[in-house]
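> show me the folded form of this:
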Amino acid sequence: MAEKDGKGGGDTAKEAAAAPKKGRSKLLIIIAAALALLGGGGGAAAYFVLGKKHDVAQVEEEEDAPAEGEQAAKDKPEAKGEKLAPKKVKKKKKSGAPVFVELDMFTANLRDDEGDRFIQVKLVAEVRDAPAGEMLKTMMPAVRNEVLLLLGSKEVKDVSTREGKEKLAGEIVAAANKTLEGTPAANGVEGVNFTHIIVQ
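Predicted coordinates for the structure are as follows:
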């Protein structure tokens, strides 16, 4: 009876000694699993963050790449029979209200074999910015001279139609810009508007 008790006591001691080992191994497995999850989550987070940065950098490189290609195309001599596609010019959008400069009244004789004919116009110039407007006012005597010479070279038929008047407006812009060459306001006149026009 005592032997059985002794044997039973030995088994209980072994089980008691093995229990902490089992508990420790379970704890180690749980910790390892937790570390694996944390490591995987951190790796995934790093992938998404770094991956997005890489994607943004790649998109920026792709946007810059056509510009480099265009430069290379400019540097290479054009092959025989090869036609380059026309370039698209992007117009810069103006910020703010347009700047207008009111010009004087212009009266000039028109060239006409049938009799004395004249044209009288009042113009408002649309300029690039306020400094260009100030320079145009400063150069007004030269502007008047160019516009009067231009008007005096016209015939009645040249200014009697809408198309003729629109063409005249373009020529007045060119004449005004001619006087601004070599100044900070070069090519500062972008358009002219007729506020008064009489042809007789």
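
> what comes into contact with the strand or helix carrying residue 172?
If you go by DSSP states H and E, residue 172 is part of helix 162-179. With contact meaning Cβ atoms under 8 Å, 6 or more residues apart in numbering, helix 162-179 is reached by 123, 125, 136, 139, 142-143, 146-147, 149-150, 154, 157-159, 186-194, 197. (C-beta placed from N, C-alpha, C; glycine too.)

> please indicate which of these are buried?
123, 125, 136, 139, 143, 146-147, 150, 154, 158-159, 188-189, 192 (16 or more other Cβ atoms under 10 Å).

> and residue 115, how many neighbours?
Using other Cβ atoms under 10 Å, the number of residues around residue 115 comes to 5.

> again with residue 151
23.

> start the count at 560, not 1, going forward
Fine by me, first position is 560 from now on; the one you just mentioned is residue 710.

> identify the residue nearest it in space, chain neighbours excluded?
residue 667 (3.7 Å; Cβ to Cβ, 6 or more residues apart in numbering).

> what comes up buried for stretch 733-747?
Quick answer for stretch 733-747 (16+ other Cβ under 10 Å): 734-736, 738-739, 744, 747.

> poorly predicted segments of the protein, please.
560-583, 591-655 (pLDDT under 70).

> how is it partitioned into domains?
560-633, 658-758 (automatic domain parsing).

> now the end-to-end length of the longest one.
Separation of the first and last residues of domain 658-758 by Cα to Cα, to the nearest Å is 28 Å.

> hang on, the earlier thing: next helix or strand past the helix holding residue 731?
Next along the chain after helix 721-738, taking DSSP H and E as the criterion, comes strand 748-758.

> what is that following strand packed up against?
strand 658-669, strand 676-686, helix 721-738 (3 or more Cβ pairs under 8 Å, 6 or more residues apart in numbering; DSSP states H and E).

> could you give the angle of the longest one to strand 748-758?
Between helix 721-738 and strand 748-758, the angle comes out at 130 degrees (axes from the mean of the first three to the mean of the last three Cα atoms, to 10 degrees).
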